[in-house]
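**Q** Show me how the following folds:
(one chain, ligands or ions: 1)
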Amino acid sequence: MAPNTKRPKPQAVEVISELDTMPRFFAMTSRGLNDVLEQELKDLGVEKVLKGPGGVYFDGNWAACYRVNLRSRVATRVLLPILDFPAYKNEELYHNVRKHDFTKYIKPTGTMAVEANVRESGAFHDQRFVAMKIKDAIVDQFREKFDVRPDVDSANPDLRIVARCYKNQFSLSIDTTGEALFKRGYRVGMTDAHLKEHLAAGLLMMAGYQGDRPVVDPMCGSGTLLIEAALMALKIAPGVQRKSFAFQKLASFKKDEWQKEIDRALADEKDELPFKFYGYDVDRKALAVAERNADEAGVAQYIEFARAPMETLKAPPVENGLMIVDPPFGQRMGDVGDWLETYKNLAHMMKVGFKGWDCYVLSGSPELSAAMKLKAERKFPVMNGPIECRLLKYRMF
Ligand SMILES: C[S@@+](CC[C@H](N)C(=O)[O-])C[C@H]1O[C@@H](n2cnc3c(N)ncnc32)[C@H](O)[C@@H]1O
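**A** Residues are numbered from 1 along each chain as shown. Next up is the predicted model:
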């Protein structure tokens, strides 16, 4: 029998029909954080969540979208999927995009941008060409209807379309976020190998942290884990410091709903905490950065930073603390071999200094984890940028 070379008839599927009906959004995150993101969305009162590759779908009205953008600590971006279709030729791509009414999203005098990511799709291999084709199909609609077309503004558009194409299957979404959600706005100083904010929050959630107890980071660098823990404990929404979100520029933007979400988030904030957070490092510069970042985040009064080598550290005299650490692991800071001794010493310090504590270690190297010679009670796989890591749980008796 001859192989079936027939390809599916191109057919655009409108993922949503009306902006005011209940749309399905997609909250993106890093690999490994889907479970905590799913739980977080449920805790935010978002219903009908469904895990997918690279994130979690949720059904909700625009208020839910605003809330997730404002309050999610783990999501990196919230998309509104609008169109799915297969295309093999330029004309198919153009016509499928053309069929969807984009004029309802922004004014014809507004600005737009298209970001395309294409993989394994035959003739479509130039991302810039694909983005241009989609942009043409959109601006032609405006021109036909209003005789005016939106300008392209890649940096700060009113409408950003995110197009993904894998094996000729296109999916187009509207970005409701703008600048990625992990850019909380408090990072005024940089260190070499800091964790992204959403990953730090996700690791704390994986460790079962609920903002209800002290946290210690013996190698705290720029302090991301502790700042995120303090924000969680004080119930400060991670988006409150942001100046704007992409959804504010869409025609569907409901200012009063957005204001309600902000008011609710502010009303939930706590004024004080009955416990503190503790960060140590050997690097003076890193500690200075951590202090500035904590200050910018408005949590400096709750975090005690001190210069101390991890090797001789003792747990602070607190009840029910959580120890979590992101030690150097030789990809961004030296070689794996440089850190074998440090991991051995870390295990020793945990045994001697943190008896009775749950200790979580983020490791990006099986060789370094093995050097600790401790049996992990649990291992959570998670991506730290391009680095495959494990969050290892140790119970120190
Ligand atoms: C991967 S970085 C931590 C990054 C941090 N999680 C952040 O988000 O900024 C590891 C940190 O361990 C510190 N460090 C290395 N050896 C140490 C030691 N023996 N005692 C204490 N800190 C150490 C380094 O100075 C560095 O800041």
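**Q** List the beta-bridge partners for residue 217.
**A** As for beta bridges, residue 217 partners with residue 279 under DSSP bridges.
**Q** same deal with residue 323?
**A** residue 216, residue 359.
**Q** In this structure, what residue comes closest to the ligand?
**A** residue 221 (2.7 Å; CB to the nearest ligand atom). C-betas here are computed from N, CA, C, even on glycine.
**Q** just the helices in the stretch 251-397 of the chain please.
**A** Ranges of helices in the stretch 251-397 of the chain, per DSSP state H, counting those that start in this stretch, are 255-268, 284-297, 336-353, 366-371.
**Q** and the end-to-end length of stretch 51-66?
**A** 20 Å (CA to CA, to the nearest Å).
**Q** and what of stretch 315-327?
**A** Start-to-end, stretch 315-327 (CA to CA) is 17 Å.
**Q** Return the mean pLDDT over that stretch, rounded to an integer.
**A** Stretch 315-327 comes out with an average pLDDT of 95.
**Q** can you list contacts of it?
**A** Applying CB atoms under 8 Å, 6 or more residues apart in numbering, the external contacts of stretch 315-327 come out as 195, 203-204, 207, 209, 213-219, 221, 225, 275-276, 278, 304, 310, 339, 342-343, 346, 350, 353-355, 357-363, 368.
**Q** Narrow these to those that are buried.
**A** The neighbour-count criterion (16 or more other CB atoms under 10 Å) marks 195, 203-204, 207, 209, 213-219, 221, 225, 276, 278, 310, 339, 342-343, 346, 350, 353-354, 357-363, 368 among the contacts of stretch 315-327 as buried.
**Q** So stretch 172-188, near the ligand or not?
**A** No - figure legend: stretch 172-188 not in contact with the ligand (CB under 6 Å from any ligand atom); closest approach 9.3 Å.
**Q** Number the chain from 21, please
**A** Got it, the first residue is 21 from now on, which makes the last one we talked about stretch 192-208.
**Q** What residues sit buried inside that stretch?
**A** The neighbour-count check on stretch 192-208 (16+ other CB under 10 Å) flags 192-198, 201-204, 206-207 as buried.
**Q** Ok, stretch 382-401 next?
**A** 382-385, 388-389, 391-392, 394, 396, 400.
**Q** where are the low-confidence patches of the stretch 71-220 of the chain?
**A** Within the stretch 71-220 of the chain, no range satisfies pLDDT under 70.
**Q** out of the helices of the stretch 271-417 of the chain, which comes closest to residue 250?
**A** Smallest distance to residue 250 across the helices of the stretch 271-417 of the chain (CB to CB): 7.4 Å, for helix 304-317.
**Q** So which bits of the stretch 121-270 of the chain are right by the ligand?
**A** So the stretch 121-270 of the chain meets the ligand at 211, 213-215, 239-242, 244-245 (CB under 6 Å from any ligand atom).
**Q** mind redoing it with 5 Å?
**A** Residues of the stretch 121-270 of the chain found near the ligand, taking CB under 5 Å from any ligand atom as the criterion, are 213-215, 239, 241-242, 244.
**Q** so who does residue 50 touch?
**A** Contacts of residue 50 by CB under 8 Å, 6+ apart are 96, 216, 218-219, 222, 402-404.
**Q** can you give me phi and psi for residue 271?
**A** phi -60, psi -30 (degrees, to the nearest 10).
**Q** Do any residues in stretch 313-322 lie close to the ligand?
**A** No - Stretch 313-322 stays clear of the ligand (CB under 5 Å from any ligand atom), getting no nearer than 8.6 Å.
**Q** That stretch: which residues count as buried?
**A** Along stretch 313-322, these residues count as buried under the neighbour rule (16+ other CB under 10 Å): 313-314, 316-320, 322.
**Q** would JSON lines of those residues with distance to residue 157 be doable?
**A** Listed next are the buried residues of stretch 313-322 as JSON lines, based on distance: CB to CB, whole Å:
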{"residue": "313", "distance to residue 157": "43"}
{"residue": "314", "distance to residue 157": "47"}
{"residue": "316", "distance to residue 157": "43"}
{"residue": "317", "distance to residue 157": "43"}
{"residue": "318", "distance to residue 157": "45"}
{"residue": "319", "distance to residue 157": "47"}
{"residue": "320", "distance to residue 157": "50"}
{"residue": "322", "distance to residue 157": "51"}
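**Q** Now pLDDT too, for those, in TSV please.
**A** What follows is those, written out as TSV (pLDDT from 0 to 100):
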residue	pLDDT
313	97
314	97
316	96
317	96
318	95
319	97
320	97
322	98
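**Q** In three-state terms, label residue 190 for me.
**A** Taking DSSP: H, G, I helix; E, B strand; the rest coil as the rule, one finds residue 190 in the strand state.
**Q** now it, which residues is it bridged with?
**A** residue 105, residue 185.
**Q** so it makes contact with residue 105?
**A** Yes - counting by CB atoms under 8 Å, residue 190 does reach residue 105; the two are 5.5 Å apart.
**Q** Show me the common contact partners of those two, please.
**A** With CB under 8 Å, 6+ apart as the test, residue 190 and residue 105 both reach residue 116.
**Q** Which pLDDT does the model give residue 29?
**A** 48.
**Q** Residue 26 now?
**A** Residue 26 is given a pLDDT of 46.
**Q** Rebuild the helices of the stretch 271-417 of the chain as TSV, extending it with distance to residue 345.
**A** Output for the helices of the stretch 271-417 of the chain, formatted as TSV (distance: least, CB to CB, whole Å):
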stretch	distance to residue 345
helix 275-288	29
helix 304-317	14
helix 356-373	7
helix 386-391	12
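**Q** Good, wrapping up.
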